[in-house]
Each structure stands twice: as structure tokens, then as C-alpha cells.
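> Give me a 3D structure for the following:
(chains A and B)
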Number of protein chains: 2
Amino acid sequence: MLSRQSEMRVVTEEDIDALEIGSAILGTGGGGNPYIGKLRAKQVLREGRPMRILPLQALPDDAKVVSLGGIGAPLVSHERIKEGREGLRCVRALEERFGFRIDAIACEEIGGQNSMEPLIIAALAGLPVVDCDGMGRAFPEMQMTTYSIYGHCSTPSVMCDCHGNVVTFDHAVSELWHEKMARACVVAQGGASTLASAPMDGIFVKRFAIPDSYTKAISLGRTVRAAQKRHEDPVQAICAFEHGKQVFTGKIVDLKRHLKGGFVRGEAILDGFDDFQGDTAQIDIQNEYLVFTRNGVVEVIVPDLVVILDNDTGEAISTEMLRYGQRVSVLALPCHPLLRTPEALKVVGPSGFGLGHLTYRPMEETDRKDMPA
Amino acid sequence: MLSRQSEMRVVTEEDIDALEIGSAILGTGGGGNPYIGKLRAKQVLREGRPMRILPLQALPDDAKVVSLGGIGAPLVSHERIKEGREGLRCVRALEERFGFRIDAIACEEIGGQNSMEPLIIAALAGLPVVDCDGMGRAFPEMQMTTYSIYGHCSTPSVMCDCHGNVVTFDHAVSELWHEKMARACVVAQGGASTLASAPMDGIFVKRFAIPDSYTKAISLGRTVRAAQKRHEDPVQAICAFEHGKQVFTGKIVDLKRHLKGGFVRGEAILDGFDDFQGDTAQIDIQNEYLVFTRNGVVEVIVPDLVVILDNDTGEAISTEMLRYGQRVSVLALPCHPLLRTPEALKVVGPSGFGLGHLTYRPMEETDRKDMPA
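Below you'll find the predicted structure:
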């Protein structure tokens, strides 16, 4: 079905290097550490298994597309390496269940290691990866994809772990129930498994996926790398590329972080310096950075992206890499418009994270009086 | 396949009443409250759906038998009534998965409400229930059946809840992993679901099931009822029927009980009276009563049965019905020989409950010097 090879982008090791940087930024602290994903992806490439990215609009309407990704706490996936073919077992189990072959793999979340997982599994399966994802960033929970938000029923889904356990969620009465059951089960499996959702039709994916995610993440990574080579400020390069803004520069002076219910939860407190001398910031964590608060006032909140970068290297810092005393810059990047609709905000806005007392305001509308020009 | 109707016992409402009493005793405090199961079973009978019990030895070698039962904390199943057809959905999902029809239902555990569940579901499905079970009592975990102990792989299994969620455990790398994943998932589903295990062949069931469980539990219930009618001591009637002994009479003076990881856990402390004046007893709980300790010395331990009876009525008291101040008798009943083999004791002996510092001694061998004649 997907024979238009000429339209596909063949992924190189240099693309993977750039994707590591770009997906770490879009991961807003979560999505799994892309460094480990990068190593695994390169190993697959070196085994002679090509990775191909199919432009979203080249996807046939009737193509059968399976979205997959790692599920669990990034902290665990950082310390326990995958067996490697969990996702392939998920895809094969879905094919057996549905009685048809899958045509392409889609990305659940472009942020973090979960950008690598579809490439790896698609390469093992000899399938292309569609140039899209379900979040345009990383989110902690499965119902937070545009696929689910705009009506795809993600069950029957299959979850596999590194031990060889296979669980099918045949039917969930809602996307949230699916998340709850899978989350409980992944904790029992050790905290880091792979889940593939029920196949989607190409026509649905073209309409409701976040488009061009791989192209964008790779280009973002290249932009950072180019700025670094020119000894320019990568922070400004990222802001220019993503229409974002630098909201804080400071030092981490307090850090609470723990594993609870299969998630990394906690908060980081920062004392400002440079342009932000005298300010105190707080960043709330649930696998990802959810809320940026300055001097007690919320300035950036989900679904917009809060990104923490190492002040020296310009590299994104994931939640498990946060350390007391780190000197960091905090960036705010606007989320994709598909995440700002009323139906999306019910799921990925503040109330979707138990923060119903806060109201989403697009980051472009927050007060810039404290911002550097 | 199972056309020998003449060999089957047709279950009456009076049988259900007797089963309530007998299964509560064999439940050793757990297995779910049989009172609620009784009401549901009678309702099914009154809807004109007959229940039939097939003698174990009448089961054809090639019959396909599915064992099922409630999974979760008895405390939850006592407060949240089942939708009713969870088990039927499990059976249908297994039939679809395996591509053949199920011939008979088996009982996972004869203790408590789980004695009723197979009868109810089999009646809804128009199938017989085999006169056997996998425990001869109740145990808190799924790997603790003779089916699992003697080699049956219980996956693929299907778990359904009252909401309509359906989960298949396609493959677990061990019976214990199956238990762990299902337990985590049932907690996410609210703490009381129904699970049906992969079909077994009749020849396996005939060899490794605990035989005649329904016949025995119903007869036990009748024995208690007859003793009550004759104003005789039901405790002695139970001991005579089950080759058991009364090990304690006393008052509950302390009770710790909480829901943890999907189980009811805790302990009851009793002060003795009558023949046991001056003695203190402790009973440890994990859904069921696991260990009876007198004055710091373990006297009865899993897999032998510890039963608590109301001193006035002679009725078995389940863990969720324990109250401070209750006056009770404690009975010890010997478990079935299939639970006393070395391979069984690895799973259902003390070490299977995290009590590896204790050694199993058959209750018949414990010191009787303190026992009443």
C-alpha cells in the first residue's frame, strides 16, 4: 500500500542526533530520556534496518496506522533498558487480533525517548513512520493525545514489558479508564513498558494528528546544533524556531521529586539571576514540566510547553536529570493549535492535571513586563 | 459433549442456603461474602436458569473447562454489588479468543462468594459447573490454585469489571506475574472484578482439581443447619464433619484491618475464656485468616484452614465482618492432601505469604495438650 518510496525521508544517524536534541526540548522534561533512545536507534540503523519517515499528507486514506510509545515513569526507563522488541510484539499482537497487517507506525508523543520508539519498532517491522504525533510535545497520560481527544478509541491496545508479559486492553469504557488500567498494570510490570493502541485509518490521522513532528523536531535539533557551532546562544535559536520566549534564568535551589502511582511527581524551585535577579520561580512536575510560576503568579501552563535548558550547554534537562544547584534557563513554547480547542483543553488543560483551580491562558497573552526585550 | 444430564445434580434454593453456610466456613474469612452471592444466585434460579453440578469423574477427558471467580478485596465486593454478567463476558471473550466453545465451568475457590460465582455464570451460559475447585478453601492470590500449582498455564485469561472494561492477560511469564498484573489492574478497576483463566482439558481437571467441593460444601452447610435445629453445638458438628478441632474460644480485643495493594490485611487479637481462660491468640489476615498463634506460638498455619465462628450462632465470620468485642470460636480444619505436597507448599505454605520464617506443620501434629478433649 505504501509504495511511494520516493516521498519518504530516509533517516540518518545525523538525523537521530538532531532528533535527540529536538525531542528533548519538546519533551518538556519527560517522554523518557532520548539519549538512551538514540543509542538504541543507532544500533538498529547499524544492523542494516532502514528508518523511513512518510509525509503525513502522503498517507493513504485507508492505511492502517498504529501509534505506539513507552508507558511508565521516565525515571524507570532511564535506569532499566528495554529488551528492545516490546513494541514489535505489541504490533504483531494487534495484527493477529484485528486480522490485518499494519501499514505504518505513528508516534504517540514526539517528546523524549518516545520519538525514537516508533522509528525503532517500525524499522524492525519494515514499516514507515508517519511524520506526525499525538501531542506535539510529551504529556504524562495516554488519553492526552489528539488521537484520543478527537475521537479515536485507543482500545483494543496491547502492552508488552521487557520480561515477556503481554496484556491486551480489549475494551475500556473511556480513554481515561484505559489510561488508569494500563498505568496500574505498567507499575506491576516494573514501571516501563511499551503500548500500541488500536489501529487508526489514514484519513483520521491526516486530520487529527499533530503534523510534521519528526521534520520539526529534527530541524529544531539542527538549529540548536548550528547555534552551538557558531557560538551563538542556543536558547535564542530555540525561541526563534518555535516562536517561544525565555521566561527565566536561575539556579535550582530546591527540588522535590518522587515516584508515585507510576509517575514522577514533584516541583523545582529556582532563584533568578541576570535579568531575573530577585525573582523566585516554581515548576510543577508530573513526568513533564506542567506549570511555570513566577513569584506566586502562574505564567505558563499546560498545554503550552515549559522547557528547562542547561545554561552552559543549551541542552534540555529532563526531570530525572534535574539537580540541586544547576544553572538553567526556562523557556515557554506555544503548543499546537489542536491542543488549544475547548475539547482539547478539557483533557490537556489545567483541569486534566488536577489543576482545575487554574485557568489556561495562551502563553502569548501573559504579561511581558518582566520579560527581557 | 456433556449430555449425561442424569449424572448431574440440579441445584435448589435450599442447596444455595446450605452452600452459603458451608462456603463461608471453607472461606476462612475470605473469598468474598457468600450472603451477597447467595442473593444473586437465587435471583438467577428464580429467573428460570437452572444450575447443574457435574460430578468430577463424569467430566469427559477432552471437555474444555474454564475456571473463574471474583478477584479483588472481599471488603470491596461486600460493599459494591457486581453488575452480574462480568464472568459471562469473560467466558465469551475466551471462547472468541480460542475459537471453541466452553463445555463446563469450574470453580477457582470454593470459599465464600467465589463458590456462587461459577454457578451464576454457568447458569447464565447454560453450562454445568464441575464438582471441584482449585483450593478446597479460599486463598488470596490466583497462583494458589491446584490448577496453577500442578502445571496449568492460566493465561490467556480475561478480566471484566462492573463498568464494562475488559482486559486480556495474553501471556504472563509466570503464574505469579499473572497474579501481580491482574491484581494491579483490579485495583484500577475499583477493587472487585471477575477473572476467567485459560481453558483446561477435562483430563487435567480430573487429576488436579480438589474433588467434590460443591457436594462437600453443601453437605457441610446442611450439617451446621441440622445441628442448629437440634440445638446442638454447630462448632462440634463442623469439627466432626471436617476432621477439625476447636482451638480457641474468646473475645476480639483488638483488630487491625486495612486495604493495601488490593488486599484486606491486618490481624485480630483475642482474649480467651471458658477452656481458654488466660490465653491470648492472634490471627493474621490477608483476605483470609492465615495463621493462628496462641501465646506467641504458631499452632495453625496455611494451607490448613483457620475458621472464626460466631459463638452464639455458629456462623462463620468473614474478615470484613469482624468487630471488636465479638465472642468467637476458632476452628482449625485440615486442608486437602493436594495442598500438602512439596510443590504445593512452595506456593500455599507460609513462604507463599511472605512468612518464610515459619514452617508448615500439619495441624494434626501440633501439640494438643492445651486442647479440650
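> Farthest from the middle of chain A: give me that residue.
residue A:278 (32.6 Å; C-alpha atoms, centre = their mean).
> How about the contacts made by that residue?
residue A:272 (C-beta atoms under 8 Å, 6 or more residues apart in numbering or on different chains). Where you see a C-beta, it was placed from the backbone N, CA and C, and this is true even at glycine.
> can you tell me how far it sits from residue A:32?
Distance, residue A:278 to residue A:32, using C-beta to C-beta, to the nearest Å: 36 Å.
> Residue A:352 now?
From residue A:352 to residue A:32 the distance is 20 Å (C-beta to C-beta).
> now do residue A:118
Distance from residue A:118 to residue A:32, counting by C-beta to C-beta: 12 Å.
> Of these two, which one has the most company?
Neighbour tally, residue A:118 and residue A:32, criterion other C-beta atoms under 10 Å in any protein chain shown: the higher count belongs to residue A:32, 33 against 30.
> Can you classify residue A:120 by secondary structure?
When classified by DSSP: H, G, I helix; E, B strand; the rest coil, residue A:120 comes out as helix.
> what does chain A have sitting close to chain B?
Listed as neighbours of chain B in chain A under the rule C-beta under 8 Å from any C-beta of the partner chain: A:93, A:158, A:163-173, A:177, A:180-181, A:183-185, A:187-189.
> switch to 10 Å and redo it
A:89, A:93, A:96-97, A:155-156, A:158-161, A:163-174, A:177-190, A:262 (C-beta under 10 Å from any C-beta of the partner chain).
> And the host helix or strand of residue A:298, what does it pack against?
Assessed by DSSP states H and E, residue A:298 sits inside strand A:297-301. Packing contacts for strand A:297-301, counted by 3 or more C-beta pairs under 10 Å, 6 or more residues apart in numbering or on different chains; DSSP states H and E, involve strand A:245-260, strand A:280-286, strand A:288-294, strand A:305-310, strand A:327-333.
> Format these as a markdown table; extra columns: mean neighbour count, distance to residue A:8 and mean pLDDT.
Formatted as a markdown table, the helices and strands packed on strand A:297-301 follow (neighbours: other C-beta atoms under 10 Å in any protein chain shown; distance: least, C-beta to C-beta, whole Å; pLDDT from 0 to 100):
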| stretch | mean neighbour count | distance to residue A:8 | mean pLDDT |
| --- | --- | --- | --- |
| strand A:245-260 | 17 | 35 | 93 |
| strand A:280-286 | 22 | 36 | 96 |
| strand A:288-294 | 24 | 30 | 96 |
| strand A:305-310 | 25 | 28 | 96 |
| strand A:327-333 | 23 | 28 | 97 |
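> possible to save these as a markdown table with distance to residue A:151?
Below are these laid out as a markdown table (distance: least, C-beta to C-beta, whole Å):
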| stretch | distance to residue A:151 |
| --- | --- |
| strand A:245-260 | 31 |
| strand A:280-286 | 25 |
| strand A:288-294 | 24 |
| strand A:305-310 | 24 |
| strand A:327-333 | 27 |
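> Out of those strands, which gets nearest to residue B:334?
Nearest to residue B:334 among the helices and strands packed on strand A:297-301 is strand A:245-260; the distance by C-beta to C-beta comes to 44.1 Å.
> those helices in chain A, which residues are they?
Ranges of helices within chain A are A:13-26, A:34-46, A:74-79, A:86-98, A:116-125, A:146-149, A:175-188, A:202-208, A:213-229, A:234-242, A:342-348, based on DSSP state H.
> what is the orientation angle of the fifth one with helix A:213-229?
With axes from the mean of the first three to the mean of the last three C-alpha atoms, to 10 degrees as the basis, helix A:116-125 and helix A:213-229 are set at 120 degrees to each other.
> Distance from the chain centre to helix A:116-125, please.
Relative to its parent chain, helix A:116-125 has a centroid offset of 16 Å by C-alpha atoms, centre = their mean, to the nearest Å.
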